[in-house]
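Enquirer: Provided below are the primary sequence and the corresponding predicted coordinates.
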Amino acid sequence: MSRLFQATVIENRLLSKAHYLLTLRPLHKIQQPEPGNFFMLSVNKGNDPLLKRPFSIHQFCNGDIKILYRVVGKGTELLSNCSEGSTLEALGPLGNKFPAPSKKKRIILVAGGMGVAPLFYLAEKLKKRGPVFFYGARTADEVLLVSGLKTLGIIPTISTDDGSLGKKGNIISVLNKSMLQRSESCENLILYACGPEPMLKALSRLSNKLNIPCNVSVEQHMACGIGTCLGCIVKTHKGHKRVCREGPVFKSDDIVWD
Ligand SMILES: Cc1cc2nc3c(=O)[nH]c(=O)nc-3n(C[C@H](O)[C@H](O)[C@H](O)COP(=O)(O)OP(=O)(O)OC[C@H]3O[C@@H](n4cnc5c(N)ncnc54)[C@H](O)[C@@H]3O)c2cc1C
Ligand code: FES
């Protein structure tokens, strides 16, 4: 099955500030995306910018792809201007997926900022296992999907840098405190995370200290998305790896955090 396809923009809705929810309907059937996979999307009809941009799968409903994105530069600005009915070229699903937790494990999901996009999809897949969700953002306006998480039966623990919603401070400190208050051992826990690099680095330190396995989805600038340009390398203890092929999901203690 070819992974290059055209898709119609069904909806491109402003959620808050610079955050949009994009719904794409592929013109032909595509492979079912798994949590952790991503798509490379052309953000414009012409060839400026030339390169497609990577976005995680946020939801996949009846064949429609949902992408949750934040406008940060030229490409995402152009994407935000794509109107309903227009078509975009896409490539995917690409990359690896979050590994399935073994049956005994208690699942903790940790999202920072736009990391909530792929973790929501993972939460949806794991909802019967009652995952615990920690969610950090800069400010209240950037906390998304809380009602969606509630419909999955998940009440997230939220923190914001400025204290405008939930606890004040970074989400890893909040997670750390909650771990210290636990009476049970950490033996049966497993962590999944996506967010900014400093958050993932801090989480990696914490998971090492507590001896909890931790899987992180990392971001790098990408050009091809299919493993040929070597533009998305991450340093690991097993050598250099391509985020688009061997990742984006890695074991946190495999990564060399600078
Ligand atoms: C596997 C993967 C999944 C992603 N999933 C999502 C998602 O679900 N939602 C979402 O909003 N964003 C996601 N991103 C990030 C998204 O690809 C970038 O925000 C986007 O490419 C920026 O394009 P731009 O032209 O608007 O910005 P540019 O003008 O190219 O850059 C603007 C700013 O964003 C930074 N930036 C650009 N690309 C990246 C990147 N790949 N990683 C880190 N910083 C970057 C630049 O350094 C610069 O500071 C993902 C990235 C990867 C690698
Ligand atoms: S983006 Fe080209 S090798 Fe990963």
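Expert: Perfect, thanks for sending it. Residues are numbered from 1 along each chain as shown. Ligands and ions are numbered 1, 2, ... in the order given.

Enquirer: how about the residues of this protein near ligand 1?
Expert: Residues of the chain lying near ligand 1 by C-beta under 6 Å from any ligand atom: 38, 53-56, 68-70, 72-76, 114, 117, 219-222, 248. Glycine gets a C-beta too; all of them are placed from N, C-alpha and C.

Enquirer: list the contacts for the closest residue to residue 66 other than its chain neighbours?
Expert: Computed as C-beta to C-beta, 6 or more residues apart in numbering, the closest residue to residue 66 that is not its neighbour in sequence is residue 59, at 3.9 Å. Residues near residue 59 by C-beta atoms under 8 Å, 6 or more residues apart in numbering: 65-66, 120-121, 124.

Enquirer: separation between residue 59 and residue 204?
Expert: Distance of residue 59 to residue 204, given as C-beta to C-beta, to the nearest Å: 27 Å.

Enquirer: quick revisit: who wins for most neighbours among the contacts of residue 59?
Expert: Of all those, the highest neighbour tally under other C-beta atoms under 10 Å goes to residue 120, namely 27 neighbours.

Enquirer: Tally up the residues packed near residue 230, please.
Expert: Other residues within reach of residue 230 by the criterion other C-beta under 10 Å amount to 12.

Enquirer: Next, it: phi, psi?
Expert: Residue 230 adopts backbone torsions of phi 60, psi 30, taken as degrees, to the nearest 10.

Enquirer: for ligand 2, what are the nearby residues on the stretch 151-258 of the chain?
Expert: Residues of the stretch 151-258 of the chain lying close to ligand 2 by C-beta under 6 Å from any ligand atom are 222-225, 227-232, 242, 244.

Enquirer: Mind doing that once more with 5 Å?
Expert: 222-224, 227, 229, 231-232, 242, 244 (C-beta under 5 Å from any ligand atom).

Enquirer: Return the nearest residue of the stretch 151-258 of the chain with respect to ligand 1.
Expert: residue 219 (3.7 Å; C-beta to the nearest ligand atom).

Enquirer: Could you pull out the helices in the chain for me?
Expert: 74-80, 116-125, 146-151, 171-180, 197-210 (DSSP state H).

Enquirer: ranking the ones you listed by burial, who's on top?
Expert: helix 116-125 (a mean of 25; mean count of other C-beta atoms under 10 Å).

Enquirer: Provide the contact partners of it at residue level.
Expert: By C-beta under 8 Å, 6+ apart, helix 116-125 touches 35-36, 38, 55-60, 67-69, 98, 109-111, 131, 133, 135, 144-145, 148-149, 152, 154, 192-194, 217.

Enquirer: Pull the number of nearby residues for whatever residue of the stretch 1-150 of the chain ends up closest to ligand 2.
Expert: Residue of the stretch 1-150 of the chain nearest ligand 2, by C-beta to the nearest ligand atom: residue 54 (7.9 Å). Using other C-beta under 10 Å, residue 54 has 23 other residues around it.

Enquirer: thinking again about what came up before, for ChimeraX, write the selection for the buried entries among the residues of the chain next to ligand 1.
Expert: To isolate the buried ones among the residues of the chain next to ligand 1 in ChimeraX, judged by 16 or more other C-beta atoms under 10 Å, type:
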select :38,53,54,55,56,68,69,70,75,76,114,117,219,222,248
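
Enquirer: now, which of the residues of the chain next to ligand 1 lie within strands?
Expert: Counting by DSSP state E, the part of the residues of the chain next to ligand 1 found in strands is 38, 53-56, 68-70.

Enquirer: show me where pLDDT drops low in the stretch 51-200 of the chain?
Expert: 183 (pLDDT under 70).

Enquirer: and if we set it to 50?
Expert: Across the stretch 51-200 of the chain, nothing is flagged by pLDDT under 50.

Enquirer: any idea how far residue 84 is from the residue at minimal distance from the centre of the chain?
Expert: Nearest residue to the geometric centre of the chain (C-alpha atoms, centre = their mean): residue 118, 3.2 Å. Going from residue 118 to residue 84 by C-beta to C-beta gives 24 Å.
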